[in-house]
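Colleague: need the 3D shape of this:
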Amino acid sequence: MSLPRALRQACLLTCALPALMAQGIGAVSVEPHPASYTGRAPARLRFVARVELEGAKTFNYSWERSDGAKSPVKVVHVTNPRQRSMTFTENWQLGAPGQRKEVWQRIHVNCGNQHVSSDRAMVSIDCR
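Modeller: All right, here's what the predicted structure looks like:
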């Protein structure tokens with residue numbers, strides 16, 4: 001007994017969906033270093049992003065800051081098919097003596113039609 005053609009195609013498509021969906025980006029997160037700053041101006045901040053890979057071979061990313069600035073888009077080509085994550089850093093100097101504020105930075109990652117953004121990594125600064 002053979003399955004009708006439409007049923008066979010549906011079974012093949014259903015089996016192929018997990019493999020197709022796995023060709024992208026997983027979780028994306030950003031950590032600020034330090035998480036809060038008190039000291040001489042300007043504050044020197046470093047943001048470290050971790051991007052979990054789920055089969056992505058090429059993707060791009062850009063940073064966004066609370067002051068409205070956006071970094072240029074950078075393209076990444078993954079050469080090791082077993083690589084499961086990548087990290088990226090972005091530095092930011094800001095603040096004048098006497099300035100106190102909350103700032104944030106996040107990363108946007110794009111892989112084909114998939115768009116993943118991290119949560120905002122918040123930092124409080126108190127420049128003296």
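
Colleague: which stretches of this protein have low pLDDT?
Modeller: For the chain, applying pLDDT under 70 flags the ranges 1-22.

Colleague: list the contacts of Y37.
Modeller: Under the criterion of Cβ atoms under 8 Å, 6 or more residues apart in numbering, the contact list for Y37 reads A43, R44, L45, G95, V123, S124, I125, D126, C127. Just so you know, the C-beta spots here come from the backbone N, C-alpha and C atoms, and that holds for glycine as well.

Colleague: burial of the spatially closest residue to W104 that is not a sequence neighbour, as a residue count?
Modeller: Among residues not flanking W104 along the chain, R120 sits closest, at 3.9 Å (Cβ to Cβ, 6 or more residues apart in numbering). Using other Cβ atoms under 10 Å, R120 is surrounded by 16 other residues.

Colleague: ok, now how distant is R120 from N113?
Modeller: Between R120 and N113 the distance is 24 Å, computed by Cβ to Cβ, to the nearest Å.

Colleague: circling back to that earlier point, my guess is the residue nearest to W104 contacts I107, does it?
Modeller: No: contact criterion Cβ atoms under 8 Å: R120 and I107 do not qualify, at 10.2 Å.

Colleague: need the overlap of contacts for the two.
Modeller: Contact with both R120 and I107 is made by residues V30, according to Cβ under 8 Å, 6+ apart.

Colleague: and the nearest residue to S85 once chain neighbours are set aside, what is it in contact with?
Modeller: Of all residues not flanking S85 in the chain, E52 sits nearest, at 5.2 Å (Cβ to Cβ, 6+ apart). Residues in contact with E52 (Cβ under 8 Å, 6+ apart) are I25, G26, A27, V28, R84, S85.

Colleague: try it again at 10 Å.
Modeller: E52 is in contact with G24, I25, G26, A27, V28, S29, R84, S85, M86, V109, V116, counting by Cβ atoms under 10 Å, 6 or more residues apart in numbering.

Colleague: now do S117
Modeller: S117 makes contacts with V28, V30, Y61, E64, R106, I107, H108, V109, N110, as judged by Cβ under 10 Å, 6+ apart.

Colleague: how many residues are close by the second one?
Modeller: If I follow you right, that is V30. V30 has 23 neighbouring residues, counting by other Cβ under 10 Å.
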